[in-house]
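# sharing a model prediction with you, sequence too.
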Amino acid sequence: MLSVVASIGFVVFFHRVSSSVLVPDLIATFDVSGTRLGVLASAYFYSYALMQPVVGILADRWKPRAVIALSATLMGVGSLLFAIAPSFSFALVARVVVGLGAAGVFVPFVWLTSRWFEPGQRGFVFALWVVAGNTGAVVAAGPLGLLASTIGWREALLVLTALTLVLAIIGWLVIRNEPAKNTQRSDPIGGEPGRICTTHKRVSWLRVIRETFSSRAIVCGVITSFLSYGTLMAFQGLWGVPFFMDVYGYTRTSASALLMLLPIGVVIGGLSLARFFDSTFGRMIYVVLSTACTVIYLVFAFIPNRLNLSSLVVLVLLLGATRAGGPYLFRVYSNILPRHRFGTAMGLINAMPFFGGMLFQPLTGYLFDRFGMNVGIRPVLAYRVFFLILAIALIVATICGSRVREQ
């Protein structure tokens, strides 16, 4: 069951970062500016973020099996629409549909984890999710670029559509919401041990929001994830491949291969640190990783065009490894949030990182427009400012992350 949900997560991440690889195709097909391209890429995040509270409610009421299967189906439909899009407006709607489908996977996965795994195992399980998802990002960064160059970007997305719909069917057949016997639970969050609340009383949204964000750990974690994920998606999800092409003159295939190293770094970091997220060193590791990520952005900001290939390979791998700390936050959330409204609360929290993606992708697209993207080449100075903005945001995120403590 975990393998199936992780496979669907693979597809979710694939869609999330595929825009970066398809930038040349999308510009050529739809004749768009950097700002509009940023809006197209971030349309996924708009629908994803806005759907999170709804997905949380559905996870509590319909349970994860139905929500995940329906969401994967919707994601496949959106992928199909994007592949056949005749215009920019149509493609924008298709990306919204993809985001709506992708939105319904992670929160149900956290819900399942809170039922099937003990608290001391959850950091490891969340790390496995990060590994599976970033494997999808690896495929999106490298093989997708090669496939798009070989058979066309539309045909490549049709292949992804078929895979997504097959996984939706398998998910419905395999996923089970809770263990058959739930009498040995040692996790009494929101009730007595071994007892899971199944009633749904009508409660005002104001009260739900107040309960969810009453903890300082939750508030600091939300600010941290908003900034760190927004910066990551600005680079990995949109401008990474153009950066390597414009500044270093690499072909799209070579630039895609370089960007592919970032999610590989996440996979390596996730596998190496998975067990530590369940230990007393979890917070310290998270802060160290965030600090290291800031340093790498500063290196790109101050010497963006003076790095050789070996240096780029090392820095991109390390950048990926520094982004492997998310499981620590998920573990904190799973141990703090009220069990009787776990899905709803997690839905509210999980929307926040994607608001970061919604902000940073159009913002950086506007930045490149101001520096003359439309003349064909984005100047080195624009990338200096771009990475400096990311570094400043990461400094704030690191400070907030240092204040996330389990209570």
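Arrived safely.

# low-confidence bits of the stretch 1-150 of the chain, can you list those?
20, 34, 141-142 (pLDDT under 70).

# helices of that one, start to end?
In the stretch 1-150 of the chain, the helices defined using DSSP state H, counting those that start in this stretch lie at 2-21, 23-30, 34-61, 64-83, 88-102, 106-116, 119-141, 143-151.

# tell me which of these sits nearest to residue 388.
helix 34-61 (17.8 Å; CB to CB). Bear in mind the C-beta positions are built from the backbone N, C-alpha and C, glycine included.

# helices or strands next to the closest one in the packing?
Packed against helix 34-61 by the contact rule (3 or more CB pairs under 8 Å, 6 or more residues apart in numbering; DSSP states H and E) you find helix 2-21, helix 23-30, helix 64-83, helix 88-102, helix 106-116, helix 342-370.

# re earlier: distance to residue 392 added to the helices of the stretch 1-150 of the chain, as TSV?
Output for these, formatted as TSV (distance: least, CB to CB, whole Å):
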stretch	distance to residue 392
helix 2-21	22
helix 23-30	25
helix 34-61	19
helix 64-83	33
helix 88-102	27
helix 106-116	28
helix 119-141	25
helix 143-151	30
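
# for residue 277, which of the ones you listed is the nearest?
helix 119-141 (3.2 Å).

# need the CA coordinates for the closest one. CSV is fine.
What follows is helix 119-141, C-alpha atoms only, in CSV (Å, rounded to 0.1, in the frame of the first residue of the first chain):
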residue,chain,number,x,y,z
PRO,A,119,5.1,8.1,16.3
GLY,A,120,8.7,6.8,16.4
GLN,A,121,8.4,5.5,12.8
ARG,A,122,6.8,8.4,11.1
GLY,A,123,9.9,10.5,10.4
PHE,A,124,11.3,7.5,8.5
VAL,A,125,8.0,7.0,6.6
PHE,A,126,7.9,10.6,5.6
ALA,A,127,11.5,10.4,4.4
LEU,A,128,10.4,7.5,2.1
TRP,A,129,7.7,9.8,0.7
VAL,A,130,10.3,12.5,0.0
VAL,A,131,12.6,9.9,-1.7
ALA,A,132,9.7,8.6,-3.9
GLY,A,133,8.5,12.0,-4.9
ASN,A,134,12.0,13.3,-5.7
THR,A,135,12.6,10.2,-7.8
GLY,A,136,9.7,11.6,-9.9
ALA,A,137,11.5,14.9,-10.0
VAL,A,138,14.6,13.1,-11.2
VAL,A,139,12.7,11.6,-14.1
ALA,A,140,11.0,15.0,-14.8
ALA,A,141,14.4,16.8,-14.9
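
# before we move on, the earlier item: to residue 263, which of the helices of the stretch 1-150 of the chain lies closest?
The nearest among the helices of the stretch 1-150 of the chain, by CB to CB, is helix 119-141 at 3.6 Å.

# wait, residue 398 touches residue 288, no?
No. Using CB atoms under 8 Å, residue 398 is not in contact with residue 288; the gap is 9.4 Å.

# which of these two has more residues huddled nearby?
Higher neighbour count among residue 398 and residue 288: residue 398, with 21 against 14, using other CB atoms under 10 Å.

# nearest residue to the more buried one other than its sequence neighbours?
Setting aside the residues directly before and after it, residue 398 is nearest to residue 290 in space (CB to CB, 6 or more residues apart in numbering), at 4.2 Å.

# ok, the one you found - how many residues close by?
Applying other CB under 10 Å, we find 23 residues neighbouring residue 290.

# these two touch, right, residue 116 and residue 179?
Yes. Between residue 116 and residue 179 there is a contact under CB under 8 Å: 6.2 Å.

# out of the two, which sits in the busier spot?
When neighbours are counted by other CB under 10 Å, residue 116 comes out ahead of the other of residue 116 and residue 179, with 17 against 11.

# pLDDT weak spots in the stretch 151-300 of the chain?
Residues of the stretch 151-300 of the chain that meet the cut-off, pLDDT under 70, sit at 181-205.

# can you do 50?
By pLDDT under 50, the low-scoring segments of the stretch 151-300 of the chain are 183-200.

# which residues of it fall in helices?
Using DSSP H, counting those that start in this stretch, helices in the stretch 151-300 of the chain cover 153-174, 205-212, 216-234, 240-248, 252-273, 282-302.

# and the fourth one, what does it pack onto?
Packing contacts for helix 240-248, counted by 3+ CB pairs under 8 Å, 6+ apart, involve helix 2-21, helix 252-273, helix 380-401.

# please repeat the previous calculation with a cut-off of 6 Å.
helix 2-21, helix 252-273 (3 or more CB pairs under 6 Å, 6 or more residues apart in numbering; DSSP states H and E).

# same question, the second one
Contact analysis of helix 205-212 by 3+ CB pairs under 6 Å, 6+ apart lists helix 342-370 as its packing neighbours.

# who are the packing partners of the helix it packs on?
Right, helix 342-370 is packed against helix 34-61, helix 106-116, helix 205-212, helix 216-234 by 3+ CB pairs under 6 Å, 6+ apart.

# out of these, which comes closest to residue 342?
Nearest to residue 342, of those and by CB to CB, is helix 106-116 at 5.9 Å.

# what's that closest one packed up against?
For helix 106-116, the packing partners by 3+ CB pairs under 6 Å, 6+ apart are helix 34-61, helix 64-83, helix 342-370.

# which one, of the ones you listed, ends up nearest to residue 404?
That would be helix 342-370 among the helices and strands packed on helix 106-116, by CB to CB, at 12.1 Å.

# one step back: what's the closest of the helices and strands packed on helix 342-370 to residue 169?
The nearest among those, by CB to CB, is helix 106-116 at 16.7 Å.

# how about residue 299: what's its closest non-neighbour residue?
residue 315 (6.5 Å).

# typo on my end, residue 22
Spatially, and ignoring its direct neighbours in sequence, residue 22 is nearest to residue 153 (5.3 Å; CB to CB, 6+ apart).

# kindly report the same for residue 401.
Using CB to CB, 6+ apart, the closest residue to residue 401 is residue 224 (4.2 Å).

# from residue 167, how far off is that neighbour?
31 Å (CB to CB, to the nearest Å).

# re earlier: nearest to residue 41, out of the helices and strands packed on helix 34-61?
helix 2-21 (3.9 Å).
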